[in-house]
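> The following block contains a protein sequence and its predicted model.
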Amino acid sequence: MIRAGRQHLVRTLADLAAQHGVGIDRYTHLKPYAAEGFPPPVSSKGSRTRLYDGEQVDAYLLGKPVPPLPETDDDGDLLDRRECAALLGVAPNSWDIYKRDPALTEARVDAGGVDHWPRHAVKAFQAARPGRDAAATRGGRPTRTGDQIPRDQVPVLTAELLDADPTISAATVTDRLGVHRDTAQQALTRLRADRIADHIEAHSTLTPAEAAAQLGYPTGQVRRATARAEVVLRARHVAPYLNDVATALHRAGWTTQETEPDVQFPGDDRVVAALVLDGDQAPAPALVWDERYGWRTAASRRHPITKGAVPPSEGGGVRYLAGGVTPPPGGVVAALTTTDA
């Protein structure tokens, strides 16, 4: 975590590379941060982006004793998603739902390009979590009416109900939140799938059905969730590769920001990701990766992923790139610069 009052000292690997006078590729190849005595990251274990305390790094590089960080928790500490989830006693993917709460959205802080939240904001959210009883006071969903709460709040409130009762049904969510049955079912399926995937990552020998059972999910309610959990796990497995491709495209100048791809699960049965190419010299409006066939260009930045299970035909801005399902990032860049004869 980033201790209170130390946000201005945060440095990324890119910052450390610049401090050494080398490029980030060279720096990560040499890995000086892996040397004995180098200050550990202040980012949580498993974070994609390593963050360091600049005061500690400077002391190490000058051969001076590395000053310790404060050990006492402070309400001003900045926590990343894993640390927020740990404070609440939930999985990181549950936090990804909870962070949509307006209070947490407003409290979010960017530190080193990574979202953080002050400890006091997380504690306040925890104290205000509505739980099953509060949700029940919302009444039901009157017949022939739309959802009674904003769609972006449905996952947050459904997660609260699922925390309180793992066996909860879509009908009960519908009654307590005042939403359509389909809305409730979709929220429950996605939440359970994410949590099943989390449990399997922590206990790799489990099958999705076994993980669901250990989480207390009734067998008759989780067929779609267990199937989706397998897709979620495949998406997590391929995420580092997709991020590497995004980085390569950013370095080529075809994207203005080095961002993670937008990953979707059409039909809950396959992994599809989209990368918008918004650079001035970009060879296409967007790129789409599908786990069935690999990369293709897209003619639309707004809607690069087409509906339906049938892959779009070539033409009209759509071109399939050679190289298999997961060509190296440099191969994707090269393929984009090559046009058909």
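Happy to help now that I have it. All values reported here derive from a predicted model rather than from experimental measurement.
> What segments of this structure are helices?
Secondary structure of the chain (DSSP state H): helices located at 13-20, 24-30, 54-61, 81-88, 92-98, 102-107, 119-128, 131-136, 154-164, 170-177, 181-202, 208-214, 223-251, 329-337.
> so can I have TSV of those helices showing mean pLDDT, distance to T306 and mean neighbour count?
For glycine as for every other residue, the C-beta is placed from the backbone atoms N, C-alpha and C. Formatted as TSV, the helices of the chain follow (pLDDT from 0 to 100; distance: least, Cβ to Cβ, whole Å; neighbours: other Cβ atoms under 10 Å):
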stretch	mean pLDDT	distance to T306	mean neighbour count
helix 13-20	90	35	16
helix 24-30	85	35	14
helix 54-61	95	46	17
helix 81-88	89	31	20
helix 92-98	81	26	20
helix 102-107	90	30	13
helix 119-128	90	38	16
helix 131-136	44	37	14
helix 154-164	87	25	21
helix 170-177	90	29	20
helix 181-202	92	21	21
helix 208-214	95	28	19
helix 223-251	91	18	18
helix 329-337	91	19	17
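> Take those helices and write them to CSV, including distance to R319.
Formatted as CSV, these follow (distance: least, Cβ to Cβ, whole Å):
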stretch, distance to R319
helix 13-20, 33
helix 24-30, 29
helix 54-61, 45
helix 81-88, 36
helix 92-98, 33
helix 102-107, 38
helix 119-128, 46
helix 131-136, 49
helix 154-164, 36
helix 170-177, 42
helix 181-202, 32
helix 208-214, 36
helix 223-251, 16
helix 329-337, 9
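> which non-adjacent residue is nearest P218?
With sequence-adjacent residues excluded and distances taken as Cβ to Cβ, 6 or more residues apart in numbering, P218 is closest to T167, at 5.3 Å.
> what's the spacing between the one you found and S313?
T167 sits at a distance of 46 Å from S313 (criterion: Cβ to Cβ, to the nearest Å).
> what residue is smack in the middle of the chain?
Nearest to the geometric centre of the chain sits D96, at 7.1 Å (Cα atoms, centre = their mean).
> where's that one relative to T297, distance?
D96 is 29 Å from T297, by Cβ to Cβ.
> Equivalent analysis for Y217, please.
For Y217 relative to T297 (Cβ to Cβ), the value is 40 Å.
> Could you do P40 as well?
Computed as Cβ to Cβ, the P40 to T297 distance reads 42 Å.
> Name the residue in the two with the higher neighbour count.
T297 (20 against 13; other Cβ atoms under 10 Å).
> Could you report the distance from the more buried one to L277?
Applying Cβ to Cβ to T297 and L277 gives a distance of 9 Å.
> Quick check: neighbours shared by these two?
Common contact partners of T297 and L277 (Cβ atoms under 8 Å, 6 or more residues apart in numbering): 283-287.
> Give me the PyMOL select line for these, limited to the buried ones.
Only the buried entries of the shared contacts of T297 and L277 go into this PyMOL selection, using 16 or more other Cβ atoms under 10 Å:
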select buried, resi 283+284+285+286+287
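> any chance of the shared contacts of T297 and L277 in JSON lines, with distance to L30 too?
Converted to JSON lines, these look like this (distance: Cβ to Cβ, whole Å):
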{"residue": "P283", "distance to L30": "33"}
{"residue": "A284", "distance to L30": "35"}
{"residue": "P285", "distance to L30": "37"}
{"residue": "A286", "distance to L30": "35"}
{"residue": "L287", "distance to L30": "31"}
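> The shared contacts of T297 and L277 in strands, which ones?
Using DSSP state E, 286-287 are the members of the shared contacts of T297 and L277 that sit in strands.
> nearest to Q126, of the shared contacts of T297 and L277?
Set against Q126, the nearest of the shared contacts of T297 and L277 by Cβ to Cβ is A286 (38.9 Å).
> still on that earlier bit, which residues are in contact with the residue nearest to P218?
Counting by Cβ under 8 Å, 6+ apart, T167 makes contact with 216-218, 221.
> can you tell me which residues contact F38?
So F38 contacts 32, 57, 60 (Cβ under 8 Å, 6+ apart).
> one more time with 6 Å
Going by Cβ atoms under 6 Å, 6 or more residues apart in numbering, F38 touches Y60.
> Torsion angles phi and psi at the residue nearest to P218?
For T167, the backbone dihedrals (degrees, to the nearest 10) come out as phi -90, psi 10.
> And it, how far from H199?
16 Å.
> With V42 instead?
Distance of V42 to H199, given as Cβ to Cβ: 28 Å.
> cool, T297 as well?
From T297 across to H199, the span is 37 Å (Cβ to Cβ).
> Distance-wise, check C84 relative to L233.
Relative to L233, and taking Cβ to Cβ, C84 is found at 23 Å.
> again, but for Q7
Taking Cβ to Cβ as the measure, Q7 falls 34 Å from L233.
> okay, now the domains of this protein?
For the chain, automatic domain parsing gives the domain ranges 1-125, 130-221, 239-337.
> Adding distance to A229, write those domains out as a markdown table.
Listed next are these as a markdown table, based on distance: least, Cβ to Cβ, whole Å:
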| stretch | distance to A229 |
| --- | --- |
| domain 1-125 | 11 |
| domain 130-221 | 4 |
| domain 239-337 | 10 |
